[in-house]
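*Asks:* What follows is a predicted protein model with its sequence.
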Amino acid sequence: MRSMRIHFLLFTWMVICAVATTITATAQDKEKPKPGTTVDSWRQALPAEAETRAPAEEMAGDAASSASRDEIRKTLLALEQQLMESVKLRDADSLSLIVASDFTFANPRLAVQRSDRSGFMQHALSDMKLTSYEFDKTTVRVFGRTAIVSGLIKQRASVAGEDWSGTYLLTDVWISRDGVWRVVSRHESFLHEKK
């Protein structure tokens, strides 16, 4: 009888521990942020220091932060223009200064829909003949040392003799490393005209 009580108490203690562990795990899961957007996913993939504010922003407060963000936006929009101008002029030196060594490129119209820096450079400098481009509805979102530029780009271009003119949805991801902004990812999707 005494042995049965000990087993019962031991069993009860194990059940209580299991329930407590489950409750603790559930509470911890609720505290974890759930990714809701692509931006959330990018932010979670970045190292922790990428989300810290710059010292100047910390000291000067929100007004300076807003001014800094405006300067970053202007810089990135100018770099977007410079990137496309480099493609148009087939300027390898200029383009190589803008495109990061770990760059990735995705475009469903390409035979290889996703490529690295060298694949993009081949596409941009040899395969593609860009005659004109225009940005539209461009937004810049800054997250510490990371920024996402998205919008539309209307272009007149051909690739290997095929007409690639039209409007593309564009998303570029930029990262500031040692104070220099470089594009690390580009995704383009062709928008078919509605009939």
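*Replies:* That came through, no problem. Residues are numbered from 1 along each chain as shown.
*Asks:* can you list the domains in this structure?
*Replies:* 2-32, 45-191 (automatic domain parsing).
*Asks:* ranking those domains by mean pLDDT, which is last?
*Replies:* Mean pLDDT across the domains of the chain is lowest at domain 2-32; the value there is a mean of 59.
*Asks:* buried ones in the helix or strand where Glu85 lies?
*Replies:* When elements are assigned from DSSP states H and E, Glu85 belongs to helix 62-89. For helix 62-89, burial by neighbour count (16 or more other C-beta atoms under 10 Å) applies to Ser65, Ser68, Ile72, Arg73, Leu76, Leu79, Glu80, Leu83, Met84, Ser86, Val87, Lys88. Any C-beta I mention is one placed from the backbone N, CA and C, and that applies to glycine too.
*Asks:* Turn the residues you listed into TSV, including distance to Asp102.
*Replies:* Listed next are the buried residues of helix 62-89 as TSV, based on distance: C-beta to C-beta, whole Å:
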residue	distance to Asp102
Ser65	28
Ser68	25
Ile72	21
Arg73	24
Leu76	18
Leu79	17
Glu80	19
Leu83	16
Met84	21
Ser86	19
Val87	19
Lys88	24
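*Asks:* What is the nearest of the residues you listed to Glu193?
*Replies:* Met84 (21.6 Å; C-beta to C-beta).
*Asks:* so what does the lengthiest strand in the chain touch, helix or strand wise?
*Replies:* If you go by DSSP state E, the chain has its longest strand at strand 128-143. Using 3 or more C-beta pairs under 8 Å, 6 or more residues apart in numbering; DSSP states H and E as the contact test, the elements touching strand 128-143 are helix 38-45, helix 62-89, strand 146-159.
*Asks:* Turn the ones you listed into TSV, columns for distance to Asp136.
*Replies:* Shown next, in TSV, are the helices and strands packed on strand 128-143 (distance: least, C-beta to C-beta, whole Å):
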stretch	distance to Asp136
helix 38-45	21
helix 62-89	12
strand 146-159	4
